[in-house]
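[1] Give me coordinates for this.
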Amino acid sequence: MRAVIAAQRLCFAATVTPDGRPNLSPKGTIRVWDDQHLFFCDIASPGTRANLLAHPWIEVNIVDTASRRGYRFLGRASLHTDDEVYRVAIRRLEAEEGHRYQVASVVLIAVERALPLYSPGYQHVPDEWAMRGLWKERRAELDAGFEAHIHSRGPFRAI
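    Below is the predicted model of the structure:
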């Protein structure tokens, strides 16, 4: 689990809005806090923050795209600002990424359940090495197609 989280750094966090609707949001700073907790930094997520204040339940999915496997983590989230959790998380993120972010809060997840995710594609390949090889080749084709799109439309520029 730790290896997948460390290698990916991107997860999809599912929360529930105050009016009960589902919300899914990508988070690029997911990390292991300790054996029972994960965390990510709320950099640009006012919706996720509001959802967690209303309903603290969260599920986080992290998948290695080449291996087509990963994990689902379900638990309760707590928001941290200007406390020791916040300071430690910010120091870790800055040390690991070499960037400073404007972080509104740190979301600490007390994991209550962790389940593996596996692609049905494993029915057609003998093992993880074969799956990774297949998707590295396929990924190169997909990237080339998207890069052609970027060349034709121009690159995205953050405002």
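[2] Just give the number of residues close to the nearest residue to residue 38 once chain neighbours are set aside.
    Leaving aside its chain neighbours, residue 38 sits nearest to residue 109 (4.6 Å; criterion: Cβ to Cβ, 6 or more residues apart in numbering). For glycine as for every other residue, the C-beta is placed from the backbone atoms N, C-alpha and C. Residue 109: 25 surrounding residues under other Cβ atoms under 10 Å.
[3] export the one helix or strand residue 109 maps to as CSV, just CAs?
    Secondary structure from DSSP states H and E places residue 109 in strand 105-118. Taking Å, rounded to 0.1, in the frame of the first residue of the first chain, the C-alpha atoms of strand 105-118 are listed here in CSV:
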residue,chain,number,x,y,z
SER,A,105,-5.9,22.9,5.6
VAL,A,106,-4.4,19.5,6.0
VAL,A,107,-6.9,16.6,5.7
LEU,A,108,-5.9,13.8,8.0
ILE,A,109,-7.8,10.5,7.3
ALA,A,110,-8.2,7.9,10.1
VAL,A,111,-8.4,4.8,7.9
GLU,A,112,-11.0,2.3,9.0
ARG,A,113,-11.0,0.1,6.0
ALA,A,114,-8.5,-0.6,3.2
LEU,A,115,-9.3,-2.8,0.3
PRO,A,116,-7.3,-3.8,-2.8
LEU,A,117,-8.3,-2.8,-6.3
TYR,A,118,-7.5,-5.0,-9.3
